[in-house]
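Trainee: Below is the structure, and that's it, no one-letter string:
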Ligand code: 2HG
Ligand code: ZN
C-alpha cells in the first residue's frame, strides 16, 4: 500500500514528479560520497507553482526540504543530513526552460534547473556568453550556481555568480512566490533582495528562475600553459599580463606539481604537453570581444617577458580548439584525480594576493611538519587569491593516521587563513561541512544578524537545516 506521504506528493506532482525513498539513493549522496543519506523521497516539480506546492506540502507534514541542483557541490549543501528521517530532496532538474534571451539588453531569463553548458550553447547561437566558467559546467545547474554564489575561473574579471544576477524568482518557505525576476542592473528600489538569495545555499527559499547578465561571445581566444619555477614567478606573469592585456586576460589558473602528479597517476589519459613537470604550471587565457582588438601582440609580449625574466622556463600556446580543450582538461582533472586517489581534506580559501605566496609556503611547511606522509596540493585561481588547499595521505597505508590528524591539519590551514586576513570559505560555500568553523569565526553581532535573517524568513527552520546557520543543538551560542 502506498504511504500517505508518497500519496500526497504523487497527487500533487504525478508519477514523474515524485521518487519514493527506494529510488532516492542517488539524490541522497553528495559528489564526494562523504555522507550518503536516505531521503524520504525526491520531489521533481516541473513548474514554479508546483515548487510552491511542494514547499507547502512539506510544511503541512512537518518535513524538511533540501533543494538540489546538479549536486556538484563539495561542502554538503545539497543533500540532507544522515540523521534527518523527515527530509525531502527538491530536485530542480525538470525546471529547465530557457525562457528568453534578450539580445539587445544582453540578458537571459532562465529556469533554475538549466545546466550551465546547455545555457552556454543556447547563448552562443546569439553570439553571447554567460561569463561563468567552471569544471563542473556539464552538470552544474543555474539555481545551484546562484545558491552557492559560484566563483570559477573568470571571477577576478567578471565577478562571482551574484554579480551576474539581475533578477530572481524565489519560492519562499511560506510557499509564497517572490516574483523579482527583473532584467535591470540598476535596481535600487529597496533592500537588494536578489543578493540575499545568492549564496544562501537554499536556506531562505528555492530559486526557481533568474535573469542573468551576458557578454558578447569572444571573437578570439588564446590559451597558454607556462612552466614556472615558483609561485612568485607565476604571479609576476599574471601582474604583467594584467598590465599589458587589461580585461583581455580572462583566466589565470595555477597548479602545483603535486596536482599534476595526481592527474598523471589517476587520469593517465590526460596529457601534459610541457616536457618537464614544473613546480608551478600556469594556465593563462585571453579573450577579445572584437576583431578590432587583436590579442597577438599582447600575448607575444607576455610570453617574451616571461621567458626573458625567467618567470617561465617553457611554455605552449594552443593552436587549435582541441589543444585549448586539452590544456583546460589538465587543469580541470585535478579534482577528479584527487577524488580517485581516495581520502582527502579540502580547504577552499582565499587570501589577499600580496600574501598568497607566503601563505602557501608557511602553511605547507607547518603541514609537512605535522604530518609528513601527505600530498599537499594547492591549486586554483591565481588572480583572485583563491586556493584549493587540498590534502591527501601519500598512500593508502597512511590513511588511518592521516584521518586521525585531520582536526590538526584543518586547524593549521584555517588558522593560517585567519593570520593572513583571508576567508575560510572562498567560492564553494559553507554547506554543513564548514558551519561550525564559520560560526566560531563570527562575532556576536554577525551571528545575531545571520540568525535573525534565517529565523524571519524561515521561522520553522525547515529549509536546508544545518546549512549556513547552525541549528542551536550543533553550536553553543557563546557570546562573541
Ligand atoms: C576548481 O577550481 C573547483 O577546480 C574545485 O573549485 C576545487 O577540487 C577542489 O577542491
Ligand atoms: Zn575553484
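Mentor: In hand now; what should we look at? Bear in mind the structure is a predicted one, so any value in this text is a computation, not a measurement. Ligands and ions are numbered 1, 2, ... in the order given.
Trainee: any idea how far the residue lying closest to residue 35 once chain neighbours are set aside is from ligand 1?
Mentor: Nearest residue to residue 35, sequence neighbours excluded (Cβ to Cβ, 6 or more residues apart in numbering): residue 82, at 5.4 Å. For every residue, glycine as well, the C-beta is placed using N, CA and C. Note on residue 82: its distance to ligand 1, by Cβ to the nearest ligand atom, to the nearest Å, is 22 Å.
Trainee: secondary structure class for residue 82?
Mentor: coil (DSSP: H, G, I helix; E, B strand; the rest coil).
Trainee: my guess is residue 183 meets residue 211, correct?
Mentor: Yes. Between residue 183 and residue 211 there is a contact at 4.6 Å, judged by Cβ atoms under 8 Å.
Trainee: Common neighbours of the two, please.
Mentor: Counting by Cβ atoms under 8 Å, 6 or more residues apart in numbering, the shared contacts of residue 183 and residue 211 are 107, 109, 166-167.
Trainee: Please identify which of these is nearest to ligand 1.
Mentor: Nearest to ligand 1 among those, counting by Cβ to the nearest ligand atom, is residue 166 at 24.5 Å.
Trainee: That closest one: neighbour count?
Mentor: Number of residues near residue 166 (other Cβ atoms under 10 Å) recorded here: 21.
Trainee: That one touches residue 180, doesn't it?
Mentor: No. Using Cβ under 8 Å, residue 166 makes no contact with residue 180, being 9.7 Å away.
Trainee: Mind listing the shared neighbours of the two?
Mentor: If you check residue 166 and residue 180 against Cβ under 8 Å, 6+ apart, the residues they both contact are residue 194.
Trainee: What does the pLDDT read for the residue nearest to residue 35?
Mentor: For residue 82, the pLDDT comes out at 94.
Trainee: now it: how far from residue 70?
Mentor: Distance from residue 82 to residue 70, counting by Cβ to Cβ, to the nearest Å: 21 Å.
Trainee: For those two, indicate the residue with more neighbours.
Mentor: Taking neighbours as other Cβ under 10 Å, residue 82 and residue 70 compare with residue 70 leading, 23 against 13.
Trainee: Please give me every residue in contact with that one.
Mentor: Counted by Cβ under 8 Å, 6+ apart, residue 70 has contacts 115, 136, 139-141, 144.
Trainee: if we take those, which one ends up nearest to ligand 1?
Mentor: Out of the contacts of residue 70, the member with the shortest distance to ligand 1 (by Cβ to the nearest ligand atom) is residue 136, at 7.6 Å.
Trainee: gap between residue 279 and residue 259?
Mentor: Distance from residue 279 to residue 259, by Cβ to Cβ: 11 Å.
Trainee: So between those two, which is more surrounded?
Mentor: Between residue 279 and residue 259, counted using other Cβ under 10 Å, residue 259 has the larger neighbour count: 28 against 15.
Trainee: Please report phi then psi for that one.
Mentor: Dihedral pair for residue 259: phi -60, psi -40, per degrees, to the nearest 10.
Trainee: Can you verify residue 222 is assigned to a helix?
Mentor: No. Per three-state DSSP, residue 222 lies outside any helix segment and is strand.
Trainee: In contact with it: list those residues for me.
Mentor: Residue 222 touches 285-286, 295-296, 299, 317-318, counting by Cβ under 8 Å, 6+ apart.
Trainee: are any of those residues buried, and which?
Mentor: Buried members of the contacts of residue 222, scored by 16 or more other Cβ atoms under 10 Å, are 285-286, 295, 299, 317-318.
Trainee: can you tell me which of those residues are in helices?
Mentor: Counting by DSSP state H, the buried ones among the contacts of residue 222 place residue 299 in helices.
Trainee: Of the buried ones among the contacts of residue 222, just say which sits nearest to residue 229.
Mentor: Residue 229 has its nearest neighbour among these in residue 317, at 19.6 Å by Cβ to Cβ.
Trainee: ok, that closest one - contacts?
Mentor: Residue 317 touches 222-224, 299, 303, counting by Cβ under 8 Å, 6+ apart.
Trainee: tell me which residues of stretch 64-84 are tucked away?
Mentor: 64-81, 84.
Trainee: ditto for stretch 259-278
Mentor: 259-260, 262-264, 266-267, 270, 272, 274, 277-278.
Trainee: next one: stretch 345-362
Mentor: By 16+ other Cβ under 10 Å, the buried positions in stretch 345-362 come out as 345-351, 356-357, 359-360.
Trainee: now swap in stretch 458-468 and tell me
Mentor: Neighbour-count burial for stretch 458-468 [16+ other Cβ under 10 Å]: 458, 461-468.
Trainee: Export those to JSON lines and append columns for secondary structure.
Mentor: Shown next, in JSON lines, are these (three-state DSSP):
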{"residue": "458", "secondary structure": "coil"}
{"residue": "461", "secondary structure": "coil"}
{"residue": "462", "secondary structure": "coil"}
{"residue": "463", "secondary structure": "strand"}
{"residue": "464", "secondary structure": "coil"}
{"residue": "465", "secondary structure": "coil"}
{"residue": "466", "secondary structure": "coil"}
{"residue": "467", "secondary structure": "coil"}
{"residue": "468", "secondary structure": "coil"}
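Trainee: Export those as CSV, with columns for distance to ligand 1 and pLDDT.
Mentor: Converted to CSV, the buried residues of stretch 458-468 look like this (distance: Cβ to the nearest ligand atom, whole Å; pLDDT from 0 to 100):
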residue, distance to ligand 1, pLDDT
458, 28, 98
461, 29, 96
462, 29, 96
463, 25, 98
464, 21, 98
465, 25, 97
466, 21, 96
467, 18, 97
468, 19, 95
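Trainee: from the contacts of residue 222, which two are the most distant?
Mentor: 285 and 296 (14.5 Å).
Trainee: Next secondary structure after the lowest-mean-pLDDT helix or strand in the chain?
Mentor: Averaged element by element with mean pLDDT, DSSP states H and E, the chain has its least confident helix or strand at helix 435-441 (a mean of 93). With elements assigned by DSSP states H and E, the helix or strand that comes after helix 435-441 is helix 444-457.
Trainee: for this protein, which spans come out with low pLDDT?
Mentor: 472-480 (pLDDT under 70).
Trainee: ok, which residues in the chain are in contact with ligand 1?
Mentor: By Cβ under 6 Å from any ligand atom, the residues of the chain that approach ligand 1 are 74, 135, 335, 346, 348, 380, 388, 390.
Trainee: Taking the stretch 201-350 of the chain, what residue is nearest to ligand 1?
Mentor: For the stretch 201-350 of the chain, Cβ to the nearest ligand atom, closest residue to ligand 1: residue 335, 3.4 Å.
Trainee: tell me the contacts of that residue?
Mentor: So residue 335 contacts 135, 388 (Cβ under 8 Å, 6+ apart).
Trainee: 7 Å instead?
Mentor: When contacts are counted by Cβ atoms under 7 Å, 6 or more residues apart in numbering, residue 335 touches residue 135.
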